[in-house]
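# structure, please.
(chains A, B, C and D)
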Number of protein chains: 2
Amino acid sequence: MNSQLAIALHILGFLTSQKGSALTSDRLAVTYGTNPVVIRRVLSKLKAAGLVETRRGAGGGSVLARDPTQITLRHAYEATASTVKVLGRHNAQGEGRIAAALAAFINERYEDAEEALLQKLEAVTIAEMDEQIRRQLGLLDPAACLDRCD
Amino acid sequence: MNSQLAIALHILGFLTSQKGSALTSDRLAVTYGTNPVVIRRVLSKLKAAGLVETRRGAGGGSVLARDPTQITLRHAYEATASTVKVLGRHNAQGEGRIAAALAAFINERYEDAEEALLQKLEAVTIAEMDEQIRRQLGLLDPAACLDRCD
DNA sequence: GAATTTGTAACAAAAATAAGTACAATAAAA
DNA sequence: TTTTATTGTACTTATTTTTGTTACAAATTC
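Numbering: from 1, shown residues only, chains lettered A, B, ... in the order given. Next up is the predicted model:
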């Protein structure tokens, strides 16, 4: 799972720009250029992580579960990449003790390094991401986004 | 490529413990529990990165190209993971400008985060790795390794 | 009840990884 | 110089992972 993070950020960013009105998986799928089910799969992880809320049925869809200033890239990363870690985990293949000790060593270093990465991601919020993208596109008026997003 | 890093570290560590005598891909393959060709593929990357040297023919094999105190985990990482970066690269799929701006944003953050990870890896040398593993196994005498490694 | 919309299972397709086979090229040793 | 050992790599096969689709039940609104 790796493109899931990109999709998650697309969802969170789009939701942020909507200021509270719900978006359907269909809409999100069109703007991202994929299938609604793919979106829902990511959405279900974001939901599990408490980042979004969804409602079924007519008029349903998803909204942010909290303020975008309280959601960091790390949240998105951890929500989506739960299974696959940055560098995977090495499990000893050779039979020898050397192989096992090496695997243990690698895993320790991996965790160190991964944590450094996560701390970088933690320093950026979805609100900041949204703002930077909006600025970059010259969409100073948040509402303008709606007209030109997709 | 990801398991290649583990294999690379196995190779570098084993080579370090050999103090200069060449090891064949067959030998390395047996100790790691894989096919010699798999080893050679990693070896060819390590060679391209200037970390090892190999000789063909009878009595051939590989040795470290420099002192293990001068080889870091980052070297190994960069040698093997040249194509696949930590978090891949997101290329915009939707047609909109938003998608493109988001992709650019994500990529920037990725580079930041990846660099943080690399700096952690840079702080550890193969010599330290070798030493820690030897200590862990209670192989205080380097030469003892030869007898028990595999 | 009719129309939407999510949730998820089941399946299919595609892409990425990894492993294996074969053999030419090279180098040492006999 | 023949034999033997060993790398290098192209080609193939297998495995795993990821992505996309279809289908349909469950929920929710109108």
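
# the longest helix seen in chain A vs DNA strand C: in contact?
Longest helix in chain A by number of residues (criterion: DSSP state H): helix A:97-122. No: residues of helix A:97-122 are not located near DNA strand C by CB under 7 Å from any atom of the strand, the shortest gap being 13.4 Å. Quick note: C-beta positions are derived from backbone N, CA and C, even for glycine.

# going toward the C-terminus from that helix, what's the next helix or strand?
Scanning forward in sequence from helix A:97-122 by DSSP states H and E, the next helix or strand is helix A:126-137.

# right, and A:A101 touches B:Q136 too?
Yes: here A:A101 reaches B:Q136: they are 5.1 Å apart, a contact under CB atoms under 8 Å.

# which one of these two is surrounded by more residues?
A:A101 (20 against 15; other CB atoms under 10 Å in any protein chain shown).

# chain A: strands as residue ranges?
A:52-55, A:61-64 (DSSP state E).

# hmm, who's touching the first one?
This points to strand A:52-55. Residues from elsewhere that reach strand A:52-55 (CB atoms under 8 Å, 6 or more residues apart in numbering or on different chains): A:11-12, A:15, A:22, A:43, A:46-47, A:60-65.

# what does chain A put close to DNA strand D?
A:1-4, A:34-35, A:37-38, A:55-60, A:83-84.

# just among those residues, which is most surrounded?
A:Q4 (21 neighbours).

# quick one: pLDDT of it?
Looking at A:Q4, its pLDDT is 89.

# grab the nearest non-local neighbour of it.
A:T80 (4.1 Å; CB to CB, 6 or more residues apart in numbering or on different chains).

# doesn't A:L5 make contact with that neighbour?
Yes: counting by CB under 8 Å, A:T80 does reach A:L5; the two are 4.9 Å apart.

# for chain A, what helix or strand is lowest in average pLDDT?
Every helix and strand of chain A was ranked by mean pLDDT, DSSP states H and E. The lowest is helix A:144-148, at a mean of 42.

# show me where pLDDT drops low in chain A?
A:1, A:82-97, A:139-150 (pLDDT under 70).

# quick check: closest non-adjacent residue to A:L46.
That would be A:V52: by CB to CB, 6+ apart, it lies 4.5 Å from A:L46.

# quick check: beta-bridge partners of that neighbour?
A:L64 (DSSP bridges).

# what is the neighbour count of it?
Applying other CB under 10 Å, we find 26 residues neighbouring A:V52.

# state the distance from the nearest residue to A:D67 once chain neighbours are set aside to A:A76.
Excluding the flanking residues, the one nearest A:D67 by CB to CB, 6+ apart is A:A127, at 7.4 Å. Per CB to CB, to the nearest Å, A:A127 is found 13 Å from A:A76.

# between these two, which one's more packed in?
Comparing A:A127 with A:A76 by other CB under 10 Å, the one with more neighbours is A:A76, at 28 against 17.

# got the contact list for that one?
Taking CB under 8 Å, 6+ apart as the contact definition, A:A76 lies against A:5, A:8-9, A:12, A:46, A:51, A:126.

# and if you look at A:L9?
Taking CB under 8 Å, 6+ apart, we find A:L9 in contact with A:73, A:76, A:126, A:129, B:102, B:106.

# if you set the cut-off to 6 Å instead, what comes out?
Contact partners of A:L9, counting by CB atoms under 6 Å, 6 or more residues apart in numbering or on different chains, are A:A76.

# A:L137: how many residues sit nearby?
A:L137 is flanked by 17 other residues according to other CB under 10 Å.

# on that earlier part again, the residue nearest to A:L46 and DNA strand C, how far apart?
9 Å (CB to the nearest atom of the strand, to the nearest Å).

# widest-spaced pair of the contacts of strand A:52-55?
Farthest-apart pair in these is A:L12 and A:G60; separation 18.2 Å (CB to CB).

# ok, the nearest residue to A:R27 once chain neighbours are set aside - contacts?
Among residues not flanking A:R27 along the chain, A:G61 sits closest, at 7.6 Å (CB to CB, 6+ apart). Going by CB under 6 Å, 6+ apart, A:G61 touches A:22-24.
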